[in-house]
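J.: need a 3D model of the following:
(one chain, ligands or ions: 1)
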Amino acid sequence: MKSKYQKIKGTFDILPPETEVWQHIESTIHHICQQFSFQEIRTPAIESVDLFKRNIGDGTDVSKEMFVWKDQSGKEISLKPEMTAPVVRAYIESGFFRKYPLCKMYYIDSFFRREKPQKGRQRQFNQFGVEAFGTKNSEQDAEIILIATQILKKLNIDNTNLSINNIGDSDTRIKYESKLRNYFNDHKNSLSELSKARLEKNPMRILDSKEKEDQTIIKNAPMIKDLLSTEEKEHFSSVLTHLKGLGINYNENPYLVRGLDYYNGTTFEITTQSTGSQNALCGGGRYDSLVEKMGGPETPAVGFAAGIERIILEAKQELGKKNIDIYISCNDEKYTSKGLNIIQNLVENEYKIFFDTNKKNIKNQIKDAVKNNAKFMITINQEISVKNLISKKETNVSESEILPFLKNQ
Ligand code: AMP
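T.: From the prediction side, this is the model:
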């Protein structure tokens, strides 16, 4: 039978039992972020269009891909395509910058970008991320990267690469952009059409190109590290020293740039070694001038965002088995109220139960219980029987004996 309605292109339902994988990933993220004393932040799904256009950059892909509409009052609203700008808005608006000069937060949320749907690229997708405000110190960059690697490690994702770079401040980037533009102009005829289009406005994005014909040209392009100030070079080298000390492998990628305008200084990306162009699991870096640009005090900051769908594609995680403790059969209406009371009592005592409200016949209920790995089956009639589904032993007990009996098994 075909449903009358279909989901919107680029969106997905997450159905059981896959939801158990999501729950496992989400609880790992909560646990590890909280071990580092990062606190969770939640912001609205909608924001003013301006918040993103002005801060992530009007010309960026993310900005162009936003779901935007005018509400009844004519105000331009957008579904959020990313979280850094909303977190910074909330950080300033709430006055947190006064209360927490060093403020460490994390999130797990859904984001929306009107991209061309393909494997690992959806129109509604989920990210988790962390943002730390209030210090320029390289220890903060290292802690952020450590959190990302700890979460991936806990999820048994080990075939990853960490690439890292320092893209300097905006003055350095202006100089670099002009150097790059000159270089790519000299090779313009061999560049892909996409890169030709980026040449004037955003030559740094050419470095990100996946087009085959661009690769040899990119390989010989000027490097930003030659233009960094002494302070920037020192910061970068101390981040790398911390990573070495932690035993976190990385490769310095002088051409790693990020797609959003607010980044400066340290930038990094964690990719998987699996094939496919959507292999970026996590991306982040510093955005030291964004808080000030958005009306707050001068506050350096660093963070990352990681895509949960892509992590799930990588996670060598077995789909969670149901593992019920007790399967309940209570088929005779006369005993429903007794049955519901027993269920209430079992759940209050931390047992995981499955109540067959469909009242299948007992033979099928036993089959069903075994299939779902239940340890016990309790059948409630005038008598109450507890069957151990492993030893197959069945025992009649009174209602008050159920819990002590189960504890003794
Ligand atoms: P970004 O916010 O673009 O830096 O992306 C951070 C991470 O989010 C990426 O490395 C991906 O893992 C994930 N991501 C970004 N866009 C999408 C998308 N359209 N669909 C699925 N995952 C995405």
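J.: where in this protein is pLDDT low?
T.: 275-277, 316-322 (pLDDT under 70).
J.: near the ligand, which residues of it are found?
T.: Residues of the chain lying close to the ligand (Cβ under 6 Å from any ligand atom) are 82, 113, 115, 120-122, 125, 127, 259, 280-283, 305-307, 309-310. For the C-beta atoms, the positions are set from N, CA and C on the backbone; glycine is no exception.
J.: just these: which are in helices?
T.: 309, 310 (DSSP state H).
J.: I'd like to know how many residues surround the residue lying closest to residue 167 once chain neighbours are set aside.
T.: In this structure, residue 167 finds its nearest non-sequential neighbour in residue 267, 5.3 Å apart by Cβ to Cβ, 6 or more residues apart in numbering. Residues lying near residue 267 (other Cβ atoms under 10 Å) number 22.
J.: in three-state terms, label residue 267 for me.
T.: Here residue 267 is recorded as strand under DSSP: H, G, I helix; E, B strand; the rest coil.
J.: now it: how far from residue 14?
T.: 31 Å (Cβ to Cβ, to the nearest Å).
J.: quick one: contacts for residue 159?
T.: 272, 273, 274, 314 (Cβ atoms under 8 Å, 6 or more residues apart in numbering).
J.: just confirm the third one contacts residue 311, I think it does.
T.: No. Counting by Cβ atoms under 8 Å, residue 274 stays clear of residue 311, with 11.9 Å between them.
J.: neighbour count: these two, which is higher?
T.: Set side by side, residue 274 and residue 311 show unequal neighbour counts under other Cβ under 10 Å, the larger going to residue 311 at 24 against 13.
J.: residues near the closest residue to the more buried one other than its chain neighbours, how many?
T.: Using Cβ to Cβ, 6+ apart and skipping the chain neighbours, the partner closest in space to residue 311 is residue 281 (5.9 Å). Residue 281 has 22 neighbours, counted by other Cβ under 10 Å.
J.: repeat that for the one 5 residues further on.
T.: The local packing count at residue 286 equals 27, with neighbours defined by other Cβ under 10 Å.
J.: contacting residues for the nearest residue to it once chain neighbours are set aside?
T.: Leaving aside its sequence neighbours, residue 286 sits nearest to residue 265 (Cβ to Cβ, 6+ apart; 3.8 Å). By Cβ under 8 Å, 6+ apart, the residues touching residue 265 are 166, 167, 168, 169, 232, 235, 236, 285, 286, 288.
J.: and which of those residues is nearest the ligand?
T.: Distances from the ligand to the contacts of residue 265, taken as Cβ to the nearest ligand atom, are shortest for residue 285 (9.4 Å).
J.: wasn't that closest one part of a strand?
T.: Yes. Counting by three-state DSSP, residue 285 is found in a strand.
J.: how about stretch 261-281: buried residues?
T.: 261-272, 278-279, 281 (16 or more other Cβ atoms under 10 Å).
J.: which of those residues sits closest to the ligand?
T.: Using Cβ to the nearest ligand atom, those come closest to the ligand at residue 281, 5.1 Å.
J.: return the set of residues that bridge with residue 46.
T.: Beta-bridge pairing of residue 46 under DSSP bridges involves residue 79.
J.: need the contact list for the residue nearest to residue 311.
T.: Neighbouring residues of residue 281 by Cβ under 8 Å, 6+ apart: 152, 157, 160, 270, 271, 272, 306, 307, 310, 311, 314.
J.: returning to what we had before: among the residues of the chain next to the ligand, the buried ones, what's the PyMOL command?
T.: Selecting the buried subset of these in PyMOL, with 16+ other Cβ under 10 Å as the burial test, is done by:
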select buried, resi 82+113+115+120+121+122+125+127+259+281+282+283+305+306+307+309+310
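J.: just the buried positions in stretch 20-27, please.
T.: 21, 22, 25.
J.: redo the residues you listed as CSV? Include secondary structure and distance to residue 104.
T.: Output for those, formatted as CSV (DSSP: H, G, I helix; E, B strand; the rest coil; distance: Cβ to Cβ, whole Å):
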residue, secondary structure, distance to residue 104
21, helix, 27
22, helix, 24
25, helix, 21
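J.: quick check, nearest of these to residue 393?
T.: Within these, proximity to residue 393 (Cβ to Cβ) peaks at residue 21, which comes in at 34.9 Å.
J.: excluding its backbone neighbours, what's nearest the residue of the chain found nearest the ligand?
T.: Nearest residue of the chain to the ligand: residue 307, at 2.3 Å (Cβ to the nearest ligand atom). Residue nearest to residue 307 in three dimensions, not counting chain neighbours: residue 127, with 5.6 Å by Cβ to Cβ, 6+ apart.
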